[in-house]
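A.B. asks: here is the input, now give the coordinates:
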Amino acid sequence: MLKLSMAIVAVLLTSAAANAADIEAGKAKAQACAACHGDTGVSTTETIPSLAGQPDLYTQWQLIFFRAGTRKNEQMQAVVEDLTNEDIRNLGAYFASLPPPKGVTPDPDPGLSDKGKLSAAGRRCTSCHLDSFAGVKATARIAGQREDYLLKALRDYKSGARAGGGMAAMADVAYSLQDEEITALAHYLAHVQ
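C.D. replies: Predicted structure coming up:
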């Protein structure tokens, strides 16, 4: 945990320095990401998230978590182990600069989306992810994200396989979710425009 905290502080201090992120360098570095996350940051691969339009700090934090080993994924470990803090800063800026994916239309199950919308309101999802679910700072954009990925992420938070950042708010929220609610939330968020 100390190693992770030190890495986060180093990236944040470096981010605050006069060195602005280089979107073009991020784009070049992101070529390694395209095979799974798509050429434009919009994933077409099952359970792989879209990165386009993710808030800059969210992407940076996730890369730090992967690099430090606190977020586990065998494929990601190999990709992030050699990333520098500058690479992470540049990748965050690059993916934030891309247009985000649009929600899938038409919605094949509007009734399920209605249940998901009620659940999102009851779970106060907008208090962190914004009314538009576009995310902000270190909070993920979940609007228009892949439904299968949202299902996996929510189930991972619920099971404890993924803790999240900050005060582990997602693990706390997801712990009490029933599977039907997870299904409805994922469906609704995947269709948000």
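A.B. asks: name the nearest residue to the most centrally placed residue in the chain, sequence neighbours excluded.
C.D. replies: In the chain, the residue lying closest to the centroid (C-alpha atoms, centre = their mean) is Ala140, at 4.5 Å. What sits nearest to Ala140 in space, not counting adjacent residues and going by C-beta to C-beta, 6 or more residues apart in numbering, is Tyr58, at 5.1 Å. No exception for glycine: its C-beta is placed from N, CA and C like everyone else's.
A.B. asks: I'd like the mean pLDDT over the host helix or strand of the one you found, please.
C.D. replies: Under the criterion of DSSP states H and E, Tyr58 resides in helix 56-68. Average pLDDT, helix 56-68: 96.
A.B. asks: before we move on, back to that, how many residues are close by the residue nearest to Ala140?
C.D. replies: Residues within reach of Tyr58, counting by other C-beta atoms under 10 Å, total 21.
A.B. asks: thinking again about what came up before, got the contact list for the residue nearest to the centre of the chain?
C.D. replies: Counting by C-beta atoms under 8 Å, 6 or more residues apart in numbering, Ala140 touches 54-55, 58, 129.
A.B. asks: next: Leu91.
C.D. replies: For Leu91, the contact set (C-beta under 8 Å, 6+ apart) comprises 26, 29-30, 33, 59-60, 63, 83.
A.B. asks: doesn't it belong to a strand?
C.D. replies: No: secondary structure assignment (DSSP: H, G, I helix; E, B strand; the rest coil) places Leu91 in helix, not in a strand.
A.B. asks: pretty sure Ala120 sits against Ala186.
C.D. replies: No: assessed by C-beta atoms under 8 Å, Ala120 is found out of contact with Ala186, at 10.6 Å.
A.B. asks: neighbour-wise, which of those two wins?
C.D. replies: When neighbours are counted by other C-beta under 10 Å, Ala186 comes out ahead of the other of Ala120 and Ala186, with 24 against 20.
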